[in-house]
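Quick check, what structure comes out for this input:
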Amino acid sequence: MSTVLSARSTAPVRLLAPRSRGTAVWAFLSGLGGGFVGGDQTSMEVEVGPGARCLLGTPASTKVYRNASVQGCRQNLHASVREGALLVCLPDMVQPFAGSRFEQRQRFELATGASLVLVDGLSSGRHARGERWAFDRYSSCNEIEIDGRCRFWDSIFLDPADGPISGAQRMGRFNTFVLMVLLGPMVDAAASALLTRIAALPVERRSRSIFSAGPLLDGAVLRMASESVESAQLDIRSHLGFLSAFVGDDPFARKW
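Purely as a prediction, here's the structure:
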């Protein structure tokens, strides 16, 4: 049984914690204005106690609106996961609009025996409106420590000053990019199954999605690029279908 012991949030974000699903707490980070505007900076601290389980998500995509501020928008997350605990960090994709700037830093501190499922996704923007990789800058960094030692560090930085982001040598025909990490004893079997599944995929010309996966301690890391948000969402749901057994319900059932 997991429950919320304390929760507090201030504008421009709101923390929503519905009734516990019994085995896990579900919490959602929501923007009061429907997304980030110029100068917005948020910081979130999460602690998952020993043996507890928590799913942390968002109600919809994280929209980043056009902003003229050189500073842009910034989002920071610092999470501590204690012994035997599980944190599922499952936000929807970041959707940066044309002319926007966004920076994200996420740090996860795991104790021995803790487990983590992390999904960090990015879309090309308002593709249907003709905005495709048209933002001014995007940066995301994910760091995972276990018992104080850095075990995983991943950073992505996209700036049109380095060349067209939609160019063939960069994002090309793809409109999403997703990082997925499964780490810890609670999800090691699922991580092994994921690696086996990805290794068995056939090589297809102009596939709607491409994957790169590899082992990470007692887990796995997967990178995925897809032609559409819908394709990426289906793939994420397929790879993480095992989560319902750990968090008390299917987190994708009424979402997409």
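
Run through the helices of the protein in chain order.
Shown for the chain, the helices assigned by DSSP state H span residues 188-199, 229-239, 244-247.

buried stuff in the first one?
By neighbour count with 16 or more other C-beta atoms under 10 Å, helix 188-199 contains the buried residues Asp188, Ala190, Ala191, Leu194, Leu195, Ile198. Using the backbone N, CA and C atoms, a C-beta is placed for each residue, glycine as well.

likewise stretch 132-139?
Neighbour counts over stretch 132-139 (16+ other C-beta under 10 Å) mark Arg132, Trp133, Ala134, Phe135, Asp136, Arg137, Tyr138, Ser139 as buried.

With stretch 172-187 instead?
Within stretch 172-187, the residues that count as buried by 16+ other C-beta under 10 Å are 174-184, 186-187.

Max pairwise distance over these: which two?
With distance counted by C-beta to C-beta, no two of the buried residues of stretch 172-187 lie farther apart than Asn175 and Met186, which are 32.4 Å apart.

Disregarding flanking residues, what is the spatial nearest neighbour of Met93?
Spatial nearest neighbour of Met93, excluding adjacent residues (C-beta to C-beta, 6 or more residues apart in numbering): Gly121 at 3.8 Å.

How about Leu118?
Closest to Leu118 by C-beta to C-beta, 6+ apart is Val181, at 4.3 Å.

Quick check: pLDDT value at that neighbour.
With respect to pLDDT, Val181 scores 98.

start the count at 38, not 1, going forward
With 38 as the first residue, the last one maps to Val218.

shouldn't it be in contact with Glu180?
No. Applying C-beta atoms under 8 Å, one finds Val218 not in contact with Glu180, separated by 11.1 Å.

Could you check the pLDDT of Ser67?
So, for Ser67, pLDDT stands at 82.
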